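>>> turn this into a model:
(chains A, B, C and D)
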2 protein chains.
Amino acid sequence: MRKRARQTTRKTELINAAIQTIARSGTLDVTVADIARQAGMSPALAHHYFGSKDQMFLSTMREILRRYGLIVREAVSAADGPRARLLAVLDASLGPEHFDADTVGAWLTFYALAQQNEEAARLLRVYHRRLRSNLLVDLRPLLGVRAVEVAETLGALIDGVYLRQALSDSAPAMLLKLPRDYLLGILGSKEA
Amino acid sequence: MRKRARQTTRKTELINAAIQTIARSGTLDVTVADIARQAGMSPALAHHYFGSKDQMFLSTMREILRRYGLIVREAVSAADGPRARLLAVLDASLGPEHFDADTVGAWLTFYALAQQNEEAARLLRVYHRRLRSNLLVDLRPLLGVRAVEVAETLGALIDGVYLRQALSDSAPAMLLKLPRDYLLGILGSKEA
DNA sequence: TTTTATTGATTGACCAGTCAATCAACGCGG
DNA sequence: CCGCGTTGATTGACTGGTCAATCAATAAAA
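Below you'll find the model as predicted:
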């Protein structure tokens, strides 16, 4: 048991180091040595735990996805009613936990990775579907058939906001409220 | 003069080869040798013309941006009235010329590059500003102060659609009509 | 002839992954 | 409580391969 715990902490340390290192350099070209150094251990140890660079990246991606799912689930369960839950999903998706420079950098880089690596693409599709279904659950009772289109639009909008945030051209605050305002606009006009 | 012409064609050949090669492999990890081979010449010649790999990539990016600007300007000048011009900008931005697998692949990859390379980030910001201003020109007379928010939303939405297209999860047709429907929804409700 | 185009060969750097060797903790029989 | 063997943690050194960039040499053009 002690053994397993140690292994887990080491892996987690490497994953955190990977997120930081990837975001800081903005590429997947980061070397295993870079990540290991960031985590304060030798490159050989990283291989010992993950087997290959690709496996390390995929684990990192899974971890980011896991954290995202956790936060969303928490936020949704704390909200009451469809409208509040929808806003909770948006807030959680664009919350500071995912929107810090590190995570955004890593996130963007994974999109690039997804073009090469089928497993990476699969993980990204999982995220898309999860977001979509989270939105649809509460959009359907409010909008009926139009829910699908609105859900797709919100999904694309969130991703676009991420993308632009990574370049930090516009003011961040402005970008963050875009999906929320879109949703409120839709809900408001439907209420009438 | 002859000299310049030859140099230009060689450079263009390399740029086209770069677009194809990047898109096909889905990464910036393509080697100069790969690109040169695709263009039917030796790697050494590619260095002769561009000096470095980075310069070659940046030239490629500028070329893609130039083509985009060209198409948009053409489409806009052919349209009549603010509403038609807005739709023209959207259609041109998501048109098949930029939406084929090759260009989308290269585009996405450049977003990743922009995190490392300041010049790449600058070029992407140029594109953002150009799109924004293209939209604002015709949105302002229709929407007044709200034009800014709508322009930002459309920009983010387009980028998001690109991103999702690159993963081709949803049906392409569905994705493509999202920005258009959003704009029509805004304009429709304002007309009232 | 002078300049430009073009290439094959080479170099120097870098990096993922391997391996053999230490090191530290733990368990266990005496 | 003490050697001692087992097992996982950890590392430094090394390898095989790749790639950007350079260079010297040749062909073609001006």
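>>> relative to DNA strand D, which residue of chain A is the closest?
residue A:44 (3.0 Å; Cβ to the nearest atom of the strand). Just so you know, the C-beta spots here come from the backbone N, C-alpha and C atoms, and that holds for glycine as well.
>>> quickly find the element holding that residue.
Following DSSP states H and E, one finds residue A:44 within helix A:43-50.
>>> list the buried residues of that helix.
A:46, A:49-50 (16 or more other Cβ atoms under 10 Å in any protein chain shown).
>>> which helices and strands sit right next to the following helix or strand past that helix?
Downstream of helix A:43-50, the next assigned helix or strand under DSSP H and E is helix A:53-78. If contacts are counted by 3 or more Cβ pairs under 8 Å, 6 or more residues apart in numbering or on different chains; DSSP states H and E, helix A:53-78 sits against helix A:2-25, helix A:32-38, helix A:43-50, helix A:82-93, helix A:96-99, helix A:101-113, helix A:118-143.
>>> would you format those as JSON lines with mean pLDDT included?
Formatted as JSON lines, those follow (pLDDT from 0 to 100):
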{"stretch": "helix A:2-25", "mean pLDDT": "78"}
{"stretch": "helix A:32-38", "mean pLDDT": "92"}
{"stretch": "helix A:43-50", "mean pLDDT": "92"}
{"stretch": "helix A:82-93", "mean pLDDT": "94"}
{"stretch": "helix A:96-99", "mean pLDDT": "75"}
{"stretch": "helix A:101-113", "mean pLDDT": "75"}
{"stretch": "helix A:118-143", "mean pLDDT": "93"}
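>>> show me which residues of chain A sit near DNA strand C.
Within chain A, the positions near DNA strand C by Cβ under 7 Å from any atom of the strand are A:2, A:30-33, A:43-44, A:47, A:51-54.
>>> hmm, 6 Å instead?
Applying Cβ under 6 Å from any atom of the strand, we find that chain A lies next to DNA strand C at A:2, A:31-33, A:43-44, A:47, A:52-53.
>>> those residues: which two are farthest apart?
Farthest-apart pair in the residues of chain A next to DNA strand C is A:2 and A:31; separation 31.0 Å (Cβ to Cβ).
>>> more crowded one of the two?
residue A:31 (12 against 6; other Cβ atoms under 10 Å in any protein chain shown).
>>> so what's the more buried one up against?
Applying Cβ atoms under 8 Å, 6 or more residues apart in numbering or on different chains, we find residue A:31 in contact with residue A:43.
>>> need the pLDDT of it.
Per-residue confidence (pLDDT) for residue A:31: 91.
>>> how near is it to chain B?
13 Å (Cβ to the nearest Cβ, to the nearest Å).
>>> ok, residue A:104 next?
When residue A:104 is compared with chain B (using Cβ to the nearest Cβ), they lie 9 Å apart.
>>> name the element the nearest residue to that residue once chain neighbours are set aside belongs to?
Of all residues not flanking residue A:104 in the chain, residue A:166 sits nearest, at 5.1 Å (Cβ to Cβ, 6 or more residues apart in numbering or on different chains). For residue A:166, the element it lies in under DSSP H and E is helix A:146-167.
>>> which parts of that helix are buried?
For helix A:146-167, by 16+ other Cβ under 10 Å, it's A:147-167.
>>> what do you get for stretch A:104-118?
Counting neighbours by 16+ other Cβ under 10 Å, stretch A:104-118 gives A:104-115, A:117 as buried.
>>> so residue A:167 sits against residue B:125, correct?
Yes - look at residue A:167 against residue B:125 with Cβ atoms under 8 Å: they come within range, at 6.3 Å.
>>> extract the CA atoms of stretch A:30-49 and return them as CSV.
Below are the C-alpha coordinates for stretch A:30-49, written out as CSV (Å, rounded to 0.1, in the frame of the first residue of the first chain):
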residue,chain,number,x,y,z
VAL,A,30,9.0,19.8,-24.3
THR,A,31,11.4,17.1,-23.5
VAL,A,32,10.9,14.4,-20.9
ALA,A,33,14.1,15.8,-19.3
ASP,A,34,12.4,19.2,-19.0
ILE,A,35,9.4,17.8,-17.3
ALA,A,36,11.4,15.6,-15.0
ARG,A,37,13.6,18.5,-14.0
GLN,A,38,10.6,20.6,-13.3
ALA,A,39,9.4,17.8,-11.0
GLY,A,40,12.8,17.5,-9.4
MET,A,41,13.7,14.0,-10.6
SER,A,42,15.7,12.3,-13.3
PRO,A,43,14.4,11.7,-16.8
ALA,A,44,14.9,8.0,-16.3
LEU,A,45,12.4,8.0,-13.5
ALA,A,46,9.7,9.5,-15.6
HIS,A,47,10.2,6.7,-18.1
HIS,A,48,10.1,4.2,-15.2
TYR,A,49,6.6,5.4,-14.2
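>>> from the chain's centre, how far out does it sit?
Relative to the chain's own centre, stretch A:30-49 is displaced by 24 Å; criterion: Cα atoms, centre = their mean, to the nearest Å.
>>> OK, contacts around the residue nearest to residue A:78 when sequence neighbours are not counted?
Sequence neighbours aside, residue A:88 is the residue nearest to residue A:78 in space, at 7.0 Å (criterion: Cβ to Cβ, 6+ apart). For residue A:88, the contact set (Cβ under 8 Å, 6+ apart) comprises A:72, A:75-76, A:78-79.
>>> and if we set it to 10 Å?
Listed by Cβ atoms under 10 Å, 6 or more residues apart in numbering or on different chains, the contact partners of residue A:88 are A:71-72, A:74-80, A:95, A:134, A:138.
>>> possible to save those residues as a markdown table with neighbour count and distance to residue B:129?
A markdown table is the format used below for the contacts of residue A:88 (neighbours: other Cβ atoms under 10 Å in any protein chain shown; distance: Cβ to Cβ, whole Å):
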| residue | neighbour count | distance to residue B:129 |
| --- | --- | --- |
| A:71 | 17 | 33 |
| A:72 | 21 | 33 |
| A:74 | 11 | 38 |
| A:75 | 19 | 34 |
| A:76 | 17 | 37 |
| A:77 | 10 | 41 |
| A:78 | 11 | 39 |
| A:79 | 17 | 37 |
| A:80 | 9 | 42 |
| A:95 | 16 | 28 |
| A:134 | 23 | 33 |
| A:138 | 22 | 36 |
